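Q: Predicted structure and sequence below. I'll ask about it afterward.
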Amino acid sequence: MVLSLRLQTKELDMYSELVMEHFRNPRNMGSIEDADGVGEVGNPQCGDMMRITIKVKDDVLEDIKFQTLGCGAAVATSSMVTEMAKGKSLEEAITISNKAVAEALGGLPPAKMHCSNLAADGLRAAIDDYRAKQAAKTS
Amino acid sequence: MNRVIYLDHAATTPADPEVVAVMQPWHSELFGNPSTVYSLGLTSSEALQEAREVVARFLGAAPEEIYFTSGGTESDNWALTGTADALAGKGKHLVTSGIEHHAVLETTEYMEKRGYEVTRVPVDSGGLVDPEDVRRALRPDTILISVMHANNEVGTIQPIAEIGKVAKEAGVLFHTDAVQTGGKMPLDVNDLGVDMLSLSAHKFYGPKGVGLLYVRKKTRITPLLHGGGQERGRRAGTHNVPGIMGLAKAVELAAARMSEDALREAALRDRLWSGLEAAIPCIFQNGDPAHRLPNNLNVRLEGIEGESMILMLDMEGICVSSGSACTTGSLEPSHVLLAMGVPAENAHGSLRITLGRSTTDEDIDHFIQVFPPIVDRLREMSPVWCSRCACKQRN
C-alpha cells in the first residue's frame, strides 16, 4: 500500500483470501452420475447458474457435488456450501442460509452478496428434488 | 511467475518514462501558476502555450480550440451538456449510438431526465454505425450528434468522416469520443469533420487525470467550470501544468511511433487469435474484423463467465478485462455486446485483450499456453457446457 493505509479487503470491495482459496481449489466440484436429487438455480443469461447433485443415505447427505457458471464469488460459495452440507442430515442441511455461507467465507464484497443466494438456494432445490422423488415413490 | 503480463491497454497504459521525466520539474521547481504575471508564472504559461500548440498541430486544430480537462469523462460530459445547454433554444434532440462509452451513455440519460430527447442509432453485428442511420435519425430540432471513434470494448472503428459529412450537410454539431483512437492513429479534426473531440492522456502512455476537448471555433458551448477565467473562461481552475506537459509529450511520442506500434501490435494480436482459435473450441471474435483497433482482441467463449476467466488469468500474472459488467455488481452484460446482437449468456463469457508497447512475442506465447487449460477447467466446472455438442454460435 502506497499510502500505508490499512484497509480491509471488504472495504476495498475485494475477495477475501478464503474466497480466493475456494475459487482456486473448489471442493466437491463435478456431477454425481446416479444422483438422488438435482438442484438447478440461476440463469446463464444473468451470467450465474449452479447445478447441485446429491446422494442421500438414511436422510444424510452422503455425497454432494456442484457445477457452477459464474463469478469468483459464485464458485466459492458453491464450494463452501457443499463443504458445509456434506455429511449433514437433510434437516440440518436445509437450514444452511445464504448468510451463513457468506459468513463462512469471511464475508463477500457487498456487490457480490447476490451470488451467495445461488449456493444455498441450489442446495435447497436439490433437497426438495430428492424429497419430491421420495414422495412420488411412496405414493 | 512474478512478471506481470499486462494486456489491458484499453483500460490504461503506463506513463512513458520520457513523459514522467518531462512532468517532473513542473511539480516542484517550476511550480508557478500560469495565471500569474511574474517570471515563475510566465515560465509555466509559456510551457502551457507550447503544449497547446503541440496538441493542436497533432489534431490539425488551432491552439485556441484546445481545452485542457481532467480526462475523457469530463470532456465527454462537457461536450454534451455544454452544447445542449447553449443550443436548448434551437432544439432538444440528440443523436448518438447504442455502443457509446458510459461517459457519453450516462450523460445522454441525464440529458433525458432534463427534458432532452435522445435517439440511439443501432449498430450491426460487428458494432458499426451506418451513417445513413444517423441521417435518418436527424430532426429539425436535432442539436448534436455524438458517436465514438473507436469502441472501448470491441475496438470497432466508426466511419466518423462519413458521419461528419452527414452532420455538416444538416448543419448539426458533431462530437466524437476519440479516447480509444487517440495516439493510435492520425487524427485530423477537419478530415474527420468533427466540431468536438475528446482525448485522454493515460490511454496513450501519458499521465492520468488529464485530457482535452477540442472545440471548433464559433461552437456555442456553455462554460463547464466557473471561476478564474482559465481556458478562455470556459473551463476555470488552475491548470494542471505537469499533467498537460505530460499529455503534450505523450502526443509527441505517439505521433512519432504510432504507425510502427500499430503494425507490430496488429501482428501480435493476429498471432494471438490464430493460437487461441486453434487451441480452443467454440471461441469467437467480437467486433468488426476489418474496421478495428490494431491492439484489440475481444473474444467470447461458450459455457464460461468472464470474471472467473479474469481471476484465473490473474493467478498467472496476466491482466485482461471482461466484457461483462458483473464486476460492477450488476448482472447486466455489456450494453455494447447486447447492441451487437450477442446473446446475454455469451456476452457474459467475453474477454477483452488489448496489447500495447510493452507486449512481447513471449507474452503472446505465454497467453496461448496458459489460457486453453483455464478454459478447459472452467468449462469442466460449468453446468451449461457440453463438450460433445456442436458450438451454439458461428462467427
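A: Perfect, thanks for sending it. Note that the structure is a prediction, hence the values are computed from the model and not measured. Numbers count the residues shown, from 1 in each chain, chains lettered A, B, ... in the order given.
Q: taking the mean pLDDT, what do you get for stretch A:99-115?
A: Stretch A:99-115 carries an average pLDDT of 87.
Q: For chain B, what's its nearest residue on chain A.
A: A:Ala111 (2.9 Å; Cβ to the nearest Cβ). C-beta coordinates here come from the backbone N, C-alpha and C atoms, glycine included.
Q: Show me the helices in chain B, by range?
A: B:17-27, B:39-59, B:72-86, B:102-113, B:131-137, B:160-170, B:189-192, B:241-279, B:306-315, B:335-339, B:344-347, B:361-381 (DSSP state H).
Q: Identify, out of these, the most deeply packed stretch.
A: helix B:72-86 (a mean of 24; mean count of other Cβ atoms under 10 Å in any protein chain shown).
Q: Can you pull the residues of chain A lying near chain B?
A: A:20, A:23-24, A:26, A:29, A:40, A:44-51, A:67-72, A:74-75, A:110-112, A:114 (Cβ under 8 Å from any Cβ of the partner chain).
Q: to the chain's geometric centre, what's the distance from the helix or strand of chain A at the bottom of the mean pLDDT ranking?
A: The helix or strand of chain A with the lowest confidence, counting by mean pLDDT, DSSP states H and E, is helix A:113-138 at a mean of 91. When distances are taken as Cα atoms, centre = their mean, to the nearest Å, helix A:113-138 is centred 11 Å away from the chain's centroid.
Q: and if you look at stretch B:304-318?
A: Worked out by Cα atoms, centre = their mean, stretch B:304-318 lies 23 Å from the chain centre.
Q: give me the number of residues near residue 29?
A: Went with chain A since none was named. Residues lying near A:Met29 (other Cβ atoms under 10 Å in any protein chain shown) number 17.
Q: um, chain B though
A: Other residues close to B:Glu29 by other Cβ under 10 Å number 10.
Q: ditto for B:Leu212
A: Based on other Cβ under 10 Å, the number of other residues close to B:Leu212 is 31.
Q: Please tell me the pLDDT value assigned to it.
A: At B:Leu212, pLDDT is 98.
Q: Minimum distance to A:Tyr130: which of the helices of chain B has it?
A: helix B:361-381 (22.8 Å; Cβ to Cβ).
Q: Can that closest one be said to contact chain A?
A: Yes. With Cβ under 8 Å from any Cβ as the measure, helix B:361-381 is seen reaching chain A through B:380-381.
Q: Compute the inter-axis angle for that helix and helix B:306-315.
A: 130 degrees (axes from the mean of the first three to the mean of the last three Cα atoms, to 10 degrees).
Q: The residue most central in space within chain B and B:Gly287: what is the separation?
A: Residue closest to the average C-alpha location in chain B (Cα atoms, centre = their mean): B:Gln180, at 3.1 Å. Note on B:Gln180: its distance to B:Gly287, by Cβ to Cβ, to the nearest Å, is 12 Å.
Q: ranges for the strands of chain A?
A: A:37-43, A:48-57, A:60-69 (DSSP state E).
Q: and those strands as TSV, adding distance to B:Leu313, mean pLDDT and mean neighbour count?
A: Shown next, in TSV, are those (distance: least, Cβ to Cβ, whole Å; pLDDT from 0 to 100; neighbours: other Cβ atoms under 10 Å in any protein chain shown):
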stretch	distance to B:Leu313	mean pLDDT	mean neighbour count
strand A:37-43	23	94	19
strand A:48-57	20	96	23
strand A:60-69	17	97	22
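Q: which stretch in the helices of chain B has the least confidence?
A: The bottom spot among these, by mean pLDDT, belongs to helix B:344-347, with a mean of 88.
Q: Do I have it right that the residue nearest to the centre of chain B meets B:Asn151?
A: Yes. Under the criterion of Cβ atoms under 8 Å, B:Gln180 makes contact with B:Asn151 at 6.9 Å.
Q: Run a quick neighbour tally on A:Ser31.
A: Other residues near A:Ser31 come to 14 when the count uses other Cβ under 10 Å.
Q: Ok, the one 4 residues further on next?
A: The criterion is other Cβ under 10 Å. On that basis, A:Ala35 has 20 neighbouring residues.
Q: what does B:Gly237 give?
A: 15.
Q: ok, it touching B:Leu224?
A: No. B:Gly237 is not in contact with B:Leu224 according to Cβ under 8 Å; the separation is 9.4 Å.
Q: Would you mind putting the CA coordinates of stretch B:217-234 into PDB?
A: C-alpha atoms of stretch B:217-234 as PDB (Å, rounded to 0.1, in the frame of the first residue of the first chain):
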ATOM      1  CA  LYS B 217     -14.100  27.900 -33.300                       C
ATOM      2  CA  LYS B 218     -17.600  29.600 -33.100                       C
ATOM      3  CA  THR B 219     -19.100  26.500 -31.500                       C
ATOM      4  CA  ARG B 220     -21.600  27.600 -28.900                       C
ATOM      5  CA  ILE B 221     -20.900  25.800 -25.600                       C
ATOM      6  CA  THR B 222     -21.600  26.900 -22.100                       C
ATOM      7  CA  PRO B 223     -18.700  27.100 -19.600                       C
ATOM      8  CA  LEU B 224     -18.100  23.900 -17.700                       C
ATOM      9  CA  LEU B 225     -16.400  25.300 -14.600                       C
ATOM     10  CA  HIS B 226     -16.900  28.900 -13.400                       C
ATOM     11  CA  GLY B 227     -14.000  30.700 -11.700                       C
ATOM     12  CA  GLY B 228     -10.700  32.300 -12.500                       C
ATOM     13  CA  GLY B 229     -11.300  32.500 -16.300                       C
ATOM     14  CA  GLN B 230      -8.800  29.900 -17.300                       C
ATOM     15  CA  GLU B 231      -9.200  28.200 -20.800                       C
ATOM     16  CA  ARG B 232     -10.800  31.300 -22.200                       C
ATOM     17  CA  GLY B 233     -13.400  31.500 -19.400                       C
ATOM     18  CA  ARG B 234     -14.900  28.100 -20.300                       C
END
